[in-house]
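*Asks:* mind looking at a prediction? Sequence and model below.
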Amino acid sequence: MKNNIKRIAQRTSKLRYGSFGLKSLDSARITAQQIETIRQTIQRGIKPKGKLWIRIFPQIPVSSKPAEVRMGKGKGNIKYWVCPVKKGQILYEIDGVPKIVALKILKSAGNKLPLNVSIVSY
């Protein structure tokens, strides 16, 4: 069952570790594949000096049955994992890079997400 994510994030709405962060403006579900793609994009940009914190984790399994299978016979296999993201939640944080580089990296990473994001700084 899909749960509606209508609440606004309280505890995870502020930067905790880094100087720059990616904050969600919508509620959505993000897959583990999307989280990994964004991690790779940010890691390439900050190279050796910067540090990255991922503040979300895919903890909900999504199952589905194959196409053209009859009803019944139990639940389908796990297809992928998702993370529910609330409005106002910090998704990623980075530190150790100049402001111009951080804004460029986070902007390119935000374009890969299925929701609107903003860049926040400390």
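*Replies:* Perfect, thanks for sending it.

*Asks:* got a pLDDT number for P114?
*Replies:* P114 carries a pLDDT value of 92.

*Asks:* whoops, I38 was the one
*Replies:* Here, the pLDDT recorded for I38 equals 96.

*Asks:* what about it, helix or strand, and which?
*Replies:* Assigned by DSSP states H and E, I38 belongs to helix 32-46.

*Asks:* strands paired with the next helix or strand after that helix, and their directions?
*Replies:* Going down the chain from helix 32-46, the next helix or strand is strand 51-54, by DSSP H and E. When pairing is defined by DSSP bridges, strand 51-54 lines up against strand 90-95 (antiparallel).

*Asks:* next, the angle from the partner strand to helix 32-46.
*Replies:* Strand 90-95 and helix 32-46 are oriented at 20 degrees to each other (axes from the mean of the first three to the mean of the last three CA atoms, to 10 degrees).

*Asks:* and strand 90-95, what's buried?
*Replies:* For strand 90-95, burial by neighbour count (16 or more other CB atoms under 10 Å) applies to 90-95. From N, CA and C alone the C-beta is placed, and that goes for glycine too.

*Asks:* circling back to that earlier point, and the helix holding I38, what does it pack against?
*Replies:* Secondary-structure packing of helix 32-46 (3 or more CB pairs under 8 Å, 6 or more residues apart in numbering; DSSP states H and E): strand 51-54, strand 77-85, strand 90-95, helix 99-110.

*Asks:* swap in 6 Å and give it another go.
*Replies:* helix 99-110 (3 or more CB pairs under 6 Å, 6 or more residues apart in numbering; DSSP states H and E).

*Asks:* show me what counts as buried in the helix it packs on.
*Replies:* Result for helix 99-110 [16+ other CB under 10 Å]: buried residues 101-102, 105-106, 109-110.

*Asks:* also stretch 50-61?
*Replies:* For stretch 50-61, burial by neighbour count (16+ other CB under 10 Å) applies to 50, 52, 55-56, 58.

*Asks:* cheers, nothing more for now.
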